[in-house]
Structures are given as C-alpha cells and as structure tokens.
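1. let me see the structure of the following:
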Amino acid sequence: MRRPVILESTVTCPACGTATAETMPTDACQFFYDCAGCGTLLRSKPGDCCVFCSYGTVPCPPVQADGKLGCCAPPKPEG
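-> Numbering: from 1, shown residues only. Now for the predicted structure:
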C-alpha cells in the first residue's frame, strides 16, 4: 500500500539558513529555487532531480510516487 504523496516541503538555504515552506509541483521536478532570505539561486545537487530533493524536508512528488526514499535511493521494499 502506497503512502499519500506529501505536497509541502520546507526548503532550507545552505547559504543563509532561511527555511521556507513551499508547495511542490506534482508533475515535474523543480531545478532552481530563489532563496527568499538572501536571493541565492539554488540548484539541485549533482545526482538529485530537483531542489526539493537537495534542500527540502520531503523529496518531490515524482520521487515519492516512485516509492523511493530519495532521488538516488532504491525503491522501498514492499510489505
């Protein structure tokens, strides 16, 4: 049984530490994010599909729907 997809993630800027709750898109990954605190343009880390997987408290909906623990993690075992 799959868990419901969580649509909110708190993005924390590595430059200034500002944490902002954001609603994630459900049909695509977001590659860039402007920090509301310092204006730094965040980009996803190498190997991650989006900024939510790199800097958020919850991975993006497409990753959640695939049953992964994170962008590069293997699928969770069933059961």
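
2. Pro25 against Cys49, yeah?
-> No. In this structure Pro25 lies outside contact range of Cys49 using Cβ atoms under 8 Å: 11.9 Å. For every residue, glycine as well, the C-beta is placed using N, CA and C.

3. overlap in contacts, the two.
-> Shared contacts of Pro25 and Cys49 (Cβ atoms under 8 Å, 6 or more residues apart in numbering): Cys60.

4. so for those two, which sits in the more crowded spot?
-> For Pro25 versus Cys49, neighbours defined as other Cβ atoms under 10 Å are more numerous around Cys49 (20 against 14).

5. and the helices in the protein?
-> 51-55, 61-65 (DSSP state H).

6. pick the most buried one from these.
-> Each of the helices of the chain was given a mean neighbour count from mean count of other Cβ atoms under 10 Å, and the largest, a mean of 24, is that of helix 51-55.

7. list the contacts of that one.
-> 9, 11-14, 22, 24, 29-33, 42-45, 48, 58-60, 63, 70-71.

8. buried subset of those as a ChimeraX selection?
-> Restricted to buried positions by 16 or more other Cβ atoms under 10 Å, the ChimeraX selection for the contacts of helix 51-55 reads:
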select :9,11,12,13,22,24,29,30,33,42,44,48,58,59,60,63,71
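
9. out of the contacts of helix 51-55, which sit inside strands?
-> Among the contacts of helix 51-55, the ones falling in strands (DSSP state E) are Ser9, Val11, Thr12, Glu22, Phe32, Tyr33, Leu42, Arg43.

10. what is the nearest of these to Arg3?
-> Ser9 (14.8 Å; Cβ to Cβ).

11. poorly predicted segments of the chain, please.
-> Regions of the chain meeting the criterion pLDDT under 70 cover residues 1-2, 67-79.

12. so for it, the centremost residue is which one?
-> Among the residues of the chain, the one closest to the centroid is Phe52, at 1.9 Å (Cα atoms, centre = their mean).
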